Every structure is written in structure tokens, then in C-alpha cells.
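>>> attaching a predicted model along with its sequence, questions to come.
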2 protein chains.
Amino acid sequence: MSQGYTIGRLSQLSGVNLETVRYYERIGLLPAPQRADNGYRRYNDAAARRLRFIRRGRELGFGIEAIRTLLQLVDHPQQPCHEADQLTRSHLEDVEAKIADLQAMRDELIRLAGCQSDSAEHCRLIEALDQGPD
Amino acid sequence: MSQGYTIGRLSQLSGVNLETVRYYERIGLLPAPQRADNGYRRYNDAAARRLRFIRRGRELGFGIEAIRTLLQLVDHPQQPCHEADQLTRSHLEDVEAKIADLQAMRDELIRLAGCQSDSAEHCRLIEALDQGPD
DNA sequence: CTTGACCCCGTAGTTGCTACAGGGTTTAGC
DNA sequence: GCTAAACCCTGTAGCAACTACGGGGTCAAG
């Protein structure tokens, strides 16, 4: 057996689902690796690093296209990071908006939960949906 | 012109996108309405109420299947609302978990935003993704 | 009588995976 | 040497919940 990792091993090392690794390759996020004689993909440490980079970006909620941009910055480390910072700020705004939305949902759900009416007609939730505001 | 609303009017009244109305009909969430002689859909107030119900449910973050269940309770108002309350509580848990996830993202993004390095190599975000934890 | 705004249907695209189906290969144990 | 499990391959279809076509028919105003 030659050097490097199989896709399964890479999946373990990076914490990215094996099918997802192939998916990233298909969409051009992860470069296609070399192949062993039997056709199996052979990855090296650089690939593992890149994949962990992608995973961390996803965990921070960045979209695939944002990560593609960030990877280009990794590949051209001389460029200023203004673009990365723009992505971060704009994503931060999105995240904060989503938090606000969800908090409003949560408050409303708390208000509506715990109903024990024995007829749906007078259920707090059903009433709110049926005759609610707007 | 007979009575009732066209799909476009219903869309305005309910605040639901016109294409989405047809989609709800296709998946059986909104009953198929009567048709006028020209084949156009004709809605009544009951349909408008039902659609607003669906919209409010979606705004609270309920999934389509949950709303399907809630609509059945509307149609059988004698049943106790235990099931609705179960849906509410379980959905509330999901929402709270999502809020927690997003807050963790937000904190991290705030930490990483505002970088003004003139080389991506030393960009706070890029570094965090490249050499971060895990 | 034409122009624009509306309606119809069916299908494909979106995001980011995940899950097959239907194969081939390798490895560990006997 | 053989078999069974565990791995790998490709390509395609499914998920949620829409949204956006494409290619047509209809209707109301000027």
C-alpha cells in the first residue's frame, strides 16, 4: 500500500462525512486527488488541512460560495484580507438577523406552549394561528 | 365575473406568494378550489383563512408536516389539543437549540471580524479556519 | 385591437448534503 | 485457497420548502 489516506481515513481525520467529501470534489471545492492503481482516491496532508478548513467554515455558517472565496485567499496569501473581512461582517449580519427571528419565534412559542384544553377549538396555538395578527 | 378571489388576489390577501399557493395545493396542504369557466381557480374566505393559518404556522417555524397535523385539529375542533402542544414544545426545543448554535457562531464571528491585515496569511479569519481547534 | 396584466400547467433549479443501487477490491480469518 | 466483511467506485435520486422558468391561454383598458 502506498502513502496517503483513503477517502474513508480522510473522512475520519477531517470529521467530514465520506459522501460529503466526494460531493465537495464534484462541486470543485476540494481538488480531485491522485488515484491509486485500483482507482481509489489517495489524499495527502494538504487535502486533510483543506477539508478541515472547509468544515470549520461550514461550522461558522459560511456558505459554499463564501468558502470558495476564502480558499482562494488561502491559495494567495499575499492578498489583503479585506474580502474575507467583508464576508465575515456580512455573514455576521445574517446570523444576527436569524437570531432575532428565532428569538421572536421562541417568545411566541413559549406563550403558546403548555395549553391543555380538551378541545382544539380553544387551544392557544390553534387560536393564535386561526385568528392571529396580520 | 363570479364571486370569490383569483389566486393572485388570494396571494395578496394572505401574504403568501402566488407560486407557493399552487405549491401548497400540489402537496395537499390547501384543498383544490373550484374552477371558473375559464379554468381559473376561485377561492373563498375559508381558503383565505386556511392560507393565513398556514402562513402564521410557517412564520413560527413549523414544518409542513406539523402544519398538516395542526390543520387536522382545526378540522376536528372537538379533539383535545395535546398533539398540538406536543408539536409546540418539540418545535420550541429545536428553536432554542438553533438559537444556541447561532449565538456560538455569532460570538466567534465577532471575534474574527474587523481584521485589516494586508496579507491574507495573517488574517484572523483565515488563520482560525486554517489552524483552528479540532 | 392591441398591449399589458393576469392565469394555466409542468418541470427544473435552489442549498448542502445524504442515500441508494449496482458494481469492484481488499483484508482478515480459517 | 476461500469466503465474508469492510472498504472503494460511479451515477442518480431524494430531502425541505419553495422559486423560477417556458410556453401557452385569457381578460380588461384605452
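Structure received. Residues are numbered from 1 along each chain as shown, chains lettered A, B, ... in the order given.

>>> in a strand, that's where A:Val16 is, yeah?
No - going by DSSP: H, G, I helix; E, B strand; the rest coil, the assignment for A:Val16 is coil, not a strand.

>>> is it true that it touches A:Ala48?
No - judged on CB atoms under 8 Å, A:Val16 makes no contact with A:Ala48 at a distance of 9.8 Å. C-betas here are computed from N, CA, C, even on glycine.

>>> which residues do these two both contact?
A:Leu10 (CB atoms under 8 Å, 6 or more residues apart in numbering or on different chains).

>>> what residues does chain A put near DNA strand D?
For chain A, the residues in contact with DNA strand D (CB under 7 Å from any atom of the strand) are A:Thr6, A:Ile7, A:Gly8, A:Arg9, A:Leu18, A:Arg22, A:Gly39, A:Tyr40, A:Arg41.

>>> now the first one. Nearest residue, chain neighbours left out?
Leaving aside its sequence neighbours, A:Thr6 sits nearest to A:Tyr40 (CB to CB, 6 or more residues apart in numbering or on different chains; 6.0 Å).

>>> for the one you found, give me phi and psi.
Main-chain torsions, A:Tyr40, degrees, to the nearest 10: phi -70, psi 140.

>>> and the gap between it and B:Glu65?
Distance of A:Tyr40 to B:Glu65, computed by CB to CB, to the nearest Å: 41 Å.

>>> neighbour count: the two, which is higher?
Shown here are A:Tyr40 and B:Glu65; by other CB atoms under 10 Å in any protein chain shown, A:Tyr40 has more neighbours (14 against 10).

>>> in chain A, which ranges drop under the pLDDT threshold?
In the predicted model of chain A, residues A:1-2 satisfy pLDDT under 70.

>>> if we use 50, what do you get?
Under the criterion pLDDT under 50, the flagged ranges of chain A are A:1.

>>> in space, what's closest to the most centrally placed residue in it - neighbours in sequence excluded?
Closest to where the C-alpha atoms of chain A average out (CA atoms, centre = their mean) is A:Arg58, at 3.3 Å. What sits nearest to A:Arg58 in space, not counting adjacent residues and going by CB to CB, 6+ apart, is A:Ile67, at 7.0 Å.

>>> on that earlier part again, how near is the residue nearest to the centre of chain A to DNA strand D?
Distance of A:Arg58 to DNA strand D, computed by CB to the nearest atom of the strand, to the nearest Å: 16 Å.

>>> these two touch, right, that residue and A:Arg52?
No - A:Arg58 is not in contact with A:Arg52 according to CB under 8 Å; the separation is 10.7 Å.

>>> neighbours around the closest residue to A:Ile27 other than its chain neighbours, how many?
With sequence-adjacent residues excluded and distances taken as CB to CB, 6+ apart, A:Ile27 is closest to A:Ile64, at 6.9 Å. Neighbours of A:Ile64 under the rule other CB under 10 Å: 15.

>>> repeat that for the one 5 residues further on.
Applying other CB under 10 Å, we find 15 residues neighbouring A:Thr69.
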